[in-house]
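Student: Based on what follows, work out the 3D shape:
(one chain, ligands or ions: 1)
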Amino acid sequence: MNKVVYDQDHDLSKVDSLAELQNMASACSRCSLRKGCSGVVFGEGNPEARLMLIGEGPGADEDRLGRPFVGRAGQLLDRILAAVDMERFTHVYIANVVKCRPPGNRAPQADEAAACLPWLYRQIELVSPRIIVLLGSTALQNLIEPGAKITVMRGKWLVSKSGIKIMPTYHPAALLRDASKKRPVWEDFQKIRDEYWKDRL
Ligand code: SF4
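Tutor: Numbering: from 1, shown residues only. Predicted structure coming up:
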């Protein structure tokens, strides 16, 4: 298993609750994405979840509703979770690399992701998951390695310095564009389910 590092220096270590962090993030204007969006989409789910899902950023539906993964890709994600007997408010906590919608649903630029990642790092610390699933290239490249390819890395377990098991897989939006990706994602989520329940059975 590879050793990987996602930790970076940040200045949010004294914030000791997700609610307080969300409050602070809602007023964030660290990057220019804030000017073009309706509001900050912080994240949602079980704040004590053992499994955390990390996507790219809010789309139009998420921006409008202020919740992550609620458009077509999000509905597909809910169906994927249901197929492994999981539900977003019970078993997982969901967040994104950037919390404001990039214009035209483009991928976040490096400076935008860098500005936003301290929020995500502190979310990870506060949720303290045992497993993280990286949904798509943006999450993989910003949390693991800039040049990493999702086609190569998906389905392989990594482990953070602090012992969190990390699985990259395709973003649900990619499945909507390319149905051939459904089977590998199904296989990945079966591994995730097995890992999730490993010490619970
Ligand atoms: S994307 Fe992140 S860093 Fe940029 S303004 Fe929104 S919350 Fe702040």
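
Student: Now for the residue nearest the centre of the chain: which residues touch it?
Tutor: With distances taken as C-alpha atoms, centre = their mean, residue 54 lies nearest the centre of the chain, 0.6 Å away. By C-beta atoms under 8 Å, 6 or more residues apart in numbering, the contact set of residue 54 is 94, 95, 96, 97, 120, 132, 133, 134, 135, 139, 143. Using the backbone N, CA and C atoms, a C-beta is placed for each residue, glycine as well.

Student: Residue 153 now?
Tutor: 140, 144, 168.

Student: Try it again at 7 Å.
Tutor: With contact taken as C-beta atoms under 7 Å, 6 or more residues apart in numbering, residue 153 is in contact with 140, 168.

Student: With residue 64 instead?
Tutor: residue 38.

Student: Now name the helix or strand holding it.
Tutor: helix 60-65 (DSSP states H and E).

Student: Spell out whether the longest helix along the chain and the ligand are in contact.
Tutor: When the chain is parsed with DSSP state H, its longest helix is helix 110-127. Yes - Helix 110-127 is in contact with the ligand by C-beta under 6 Å from any ligand atom, via 112, 115, 116.

Student: still on that earlier bit, where does the residue nearest to the centre of the chain sit: helix, strand or coil?
Tutor: Three-state secondary structure (criterion: DSSP: H, G, I helix; E, B strand; the rest coil) places residue 54 in strand.

Student: From the ligand, how far out is the residue lying closest to it once chain neighbours are set aside?
Tutor: Nearest-residue entry for residue 54: residue 139, 4.6 Å, with adjacent residues in sequence omitted and distances by C-beta to C-beta, 6 or more residues apart in numbering. Separation of residue 139 from the ligand (C-beta to the nearest ligand atom, to the nearest Å): 14 Å.

Student: Wait, residue 139 touches residue 97, no?
Tutor: Yes - at 5.6 Å, residue 139 and residue 97 qualify as touching, with contact defined as C-beta atoms under 7 Å.

Student: joint contacts of these two?
Tutor: Common neighbours of residue 139 and residue 97, using C-beta under 7 Å, 6+ apart, are 54, 56.

Student: picking up where we left off before, check which helices and strands the next helix or strand after the longest helix of the chain is in contact with.
Tutor: Counting by DSSP H and E, the next helix or strand C-terminal to helix 110-127 is strand 131-135. Counting by 3 or more C-beta pairs under 7 Å, 6 or more residues apart in numbering; DSSP states H and E, the packing neighbours recorded for strand 131-135 are strand 51-55, strand 165-169, helix 182-197.
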